[in-house]
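In: Here you go, sequence then predicted model.
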Amino acid sequence: LKLADGLKERGYNPQVWDTSRGFHVIVMGRFQPDFCVKIVRGVCEEYKIPMSLNTTEKPYVDIAVTGDIRRIRRCPYSLHSKTDKPMVKLR
């Protein structure tokens, strides 16, 4: 949740989803992967959040911090692929 707070302070409008195994922080839009890594790394350093980011170069991906937003946009809830429990939007 600190990551979402840090993104909001920087002018983004993050969504936070509870997956029952953790959280997905989502910012809608298309972003370059290097830009995403830089922003997330900056927030993590500021808030002392441990990082384990997937920085595999792929165009317009949401890196390991967020997950797959396509399912979430299409329906009011999404089942987490590992638990089969519904994802719940927190904010």
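Out: All right, it came through fine.
In: packing partners for the helix ranked longest in the chain?
Out: Counting residues, the longest helix found in the chain (DSSP state H) is helix 33-47. Contacts defined by 3 or more CB pairs under 8 Å, 6 or more residues apart in numbering; DSSP states H and E place helix 33-47 against helix 2-9, helix 63-66. Placement of C-beta: from N, CA and C, glycine included.
In: Let me know whether Ala4 touches Val25 as I believe.
Out: Yes. Using CB atoms under 8 Å, Ala4 is in contact with Val25, at 4.9 Å.
In: Give me the common contacts of the two.
Out: 14, 16 (CB atoms under 8 Å, 6 or more residues apart in numbering).
In: So what does Lys89 look like in phi/psi?
Out: Phi and psi for Lys89, reported as degrees, to the nearest 10, are phi -80, psi 120.
In: From Pro50, how far off is Arg41?
Out: Counting by CB to CB, to the nearest Å, the separation of Arg41 from Pro50 is 12 Å.
In: Look at these two and report which has more neighbours.
Out: When neighbours are counted by other CB atoms under 10 Å, Arg41 and Pro50 differ, and Arg41 comes out ahead with 14 against 5.
In: buried sites along stretch 26-38?
Out: 26-27, 31, 33, 36-37 (16 or more other CB atoms under 10 Å).
In: wait, stretch 15-27
Out: Across stretch 15-27, burial judged by 16+ other CB under 10 Å covers 15-17, 19, 23-27.
In: Could you give the average pLDDT over it?
Out: For stretch 15-27, the mean pLDDT works out to 79.
In: quick one: terminal-to-terminal distance for it?
Out: 6 Å (CA to CA, to the nearest Å).
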